[in-house]
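[1] okay, structure incoming, though there's no sequence with it:
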């Protein structure tokens with residue numbers, strides 16, 4: 001017998017996923033773009049790791065949120081392991097943010113060491 005589920009309208013669930021994609025996918029990378037222009041972030045050693053881990057975290061988190069939202073709308077009920085998997089996406093995002101700040105630090109340090117022509 002299925003447990004009763006609190007009904008959530010589909011647009012509300014879509015808005016949550018859309019907001020996360022907008023903030024973590026678009027706005028954050030606009031900031032990265034500005035810093036790339038100023039500091040040449042892609043030349044830092046940690047940049048590739050940051051880029052891969054962060055994007056994997058965003059993809060993982062959004063996929064889990066979409067599945068959880070679809071299950072809620074279809075009234076399948078809560079599935080605890082899926083919530084734990086979504087937490088894994090948040091952990092990847094956190095690691096990605098740490099790698100991002102390490103990348104910025106490496107880029108600033110490399111910029112200071114550059115020889116300025118007279």
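    Nice, I can see it. Predicted model only: the values in this text are computed from it and were never measured.
[2] which helix in this structure runs the most residues?
    The helix that spans the most residues within the chain, counting by DSSP state H, is helix 80-113.
[3] buried sites along stretch 93-101?
    93, 95, 96, 99, 100 (16 or more other C-beta atoms under 10 Å). C-beta coordinates here come from the backbone N, C-alpha and C atoms, glycine included.
[4] quick one: secondary structure of residue 76?
    For residue 76, the assignment made with DSSP: H, G, I helix; E, B strand; the rest coil gives coil.
[5] so what's the residue positioned nearest the centre of the chain closest to, chain neighbours aside?
    Geometric centre of the chain, nearest residue: residue 58, 3.5 Å, by C-alpha atoms, centre = their mean. In space, and not counting its chain neighbours, residue 58 is closest to residue 24: 5.2 Å by C-beta to C-beta, 6 or more residues apart in numbering.
[6] didn't that neighbour look like it was pressed against residue 60?
    No: Residue 24 lies out of contact with residue 60 (C-beta atoms under 8 Å); the separation is 11.5 Å.
[7] can I get the buried residues of stretch 93-101 in a markdown table with distance to residue 32 and pLDDT?
    Below are the buried residues of stretch 93-101 laid out as a markdown table (distance: C-beta to C-beta, whole Å; pLDDT from 0 to 100):
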| residue | distance to residue 32 | pLDDT |
| --- | --- | --- |
| 93 | 14 | 94 |
| 95 | 16 | 97 |
| 96 | 11 | 97 |
| 99 | 12 | 97 |
| 100 | 8 | 97 |
